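Task: produce atomic coordinates for the following.
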Amino acid sequence: MPLNSFRKYLLNQEGEVREMLRQKRAQSTLEYIIIFTAVVGAILLAANTIIKPKVNSMLEHVAGEAENAVNHVSFQ
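The predicted model follows:
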């Protein structure tokens, strides 16, 4: 194999290796995005399940207190 052909072969191989590495990095990035999305989804689901009843209870309490305060107002 002449030297010039061998050099072209090596450059071609280098390009292919770089492309494979680029694709691997893109795949890893996509995998991290999918994992991050799943974790955020689980947190939001847990927050909805745990926090929503507490917020509703707190708002009902505030509404009840406001109603009591309005009922105690007297106009003379």
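
okay, CA-based contacts and neighbour counts for the rest of this
Will do.

what does the average pLDDT come to for stretch 60-72?
Taken as a whole, stretch 60-72 carries a mean pLDDT of 91.

And the residue nearest to the spatial centre of the chain, how close does it get to residue 48?
Closest residue to the average C-alpha location of the chain: residue 37 at 3.8 Å, with C-alpha atoms, centre = their mean. Computed as C-alpha to C-alpha, to the nearest Å, the residue 37 to residue 48 distance reads 16 Å.

Residue 28 too?
30 Å.

now swap in residue 64 and tell me
Counting by C-alpha to C-alpha, the gap from residue 64 to residue 48 is 23 Å.

Check residue 26 too.
33 Å.

Repeat that for residue 69.
As judged by C-alpha to C-alpha, residue 69 and residue 48 stand 31 Å apart.

again, but for residue 60
Distance from residue 60 to residue 48, by C-alpha to C-alpha: 17 Å.

now swap in residue 65 and tell me
25 Å.

same check, this time on residue 32
From residue 32 to residue 48 the distance is 24 Å (C-alpha to C-alpha).

And for residue 22?
39 Å.

So, low pLDDT: which residues of the chain?
1, 76 (pLDDT under 70).

ok, 50 please
Residues of the chain that meet the criterion pLDDT under 50 are absent altogether.

in it, which spans are helices?
3-71 (DSSP state H).
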